[in-house]
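Asks: okay, sequence plus prediction incoming.
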Amino acid sequence: QLQLVESGGGLVQPGGSLRLSCAASGFTLDYYAIGWFRQAPGKEREGVSCISSSGGSTNYADSVKGRFTISRDNAKNTVYLQMNSLKPEDTAVYYCAAAFAIATMTSDEYDYWGQGTQVTVSS
């Protein structure tokens with residue numbers, strides 16, 4: 001069974017950090033671009049970051065540039081999203097997704113999705 005599982009979410013104070021993980025089972029991520037998306041209550045899902053299959057190309061939403069870093073460890077079949085200087089507006093459910101294609105921030109291009117992990121930034 002092909003599956004993506006996110007972990008690492010939680011409650012953090014403004015200015016804090018979290019590292020999200022996206023682990024794959026049932027398939028290897030080596031040939032897949034990975035995207036991180038988020039959805040806050042009452043808002044549409046938005047692309048946060050994406051990384052190519054090789055890890056050589058990354059992209060970020062303007063709202064997270066300079067604060068978030070995406071990386072991957074294909075040997076561990078896992079992709080990470082390091083989130084620093086978190087703000088209350090980063091509060092959302094974060095999803096990872098895999099695309100057998102080039103890295104993109106367009107959710108329609110992604111074939112497999114995780115169940116999401118909640119990130120709450122609040123004092």
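Replies: That came through, no problem. Because the structure is a prediction, the values reported are computed rather than measured. Numbering: from 1, shown residues only.

Asks: now do the strands in this structure.
Replies: Applying DSSP state E to the chain gives strands spanning 3-7, 10-12, 18-25, 33-39, 46-51, 58-60, 68-73, 78-83, 92-99, 112-113, 117-121.

Asks: residue 105: which of the ones you listed is closest?
Replies: Of all these, strand 46-51 sits nearest to residue 105, with 3.2 Å by CB to CB. The way it works is simple: take the backbone N, C-alpha and C, and place the C-beta from them, glycine included.

Asks: give me the sheet partners of the closest one and which way each runs.
Replies: strand 33-39 (antiparallel), strand 58-60 (antiparallel) (DSSP bridges).

Asks: how about the spatially most central residue of the chain, nearest residue that isn't a chain neighbour?
Replies: Centroid-nearest residue in the chain, with CA atoms, centre = their mean: residue 36, separated by 2.6 Å. Taking CB to CB, 6 or more residues apart in numbering, and ignoring the residues beside it in sequence, residue 36 has residue 48 as its nearest neighbour in space, at 4.4 Å.

Asks: who are the neighbours in contact with that neighbour?
Replies: Under the criterion of CB atoms under 8 Å, 6 or more residues apart in numbering, the contact list for residue 48 reads 35, 36, 37, 38, 60, 61, 64, 68, 81, 94.

Asks: one more time with 6 Å
Replies: 36, 38, 61, 64 (CB atoms under 6 Å, 6 or more residues apart in numbering).

Asks: any idea how far residue 123 is from the closest residue in space to the last one that isn't next to it in sequence?
Replies: Put plainly, it is residue 64. Nearest residue to residue 64, sequence neighbours excluded (CB to CB, 6+ apart): residue 48, at 5.8 Å. Distance from residue 48 to residue 123, counting by CB to CB, to the nearest Å: 22 Å.

Asks: coming back round to it: what would the strands paired with strand 46-51 look like in TSV with distance to residue 20?
Replies: Output for these, formatted as TSV (distance: least, CB to CB, whole Å):
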stretch	distance to residue 20
strand 33-39	7
strand 58-60	14
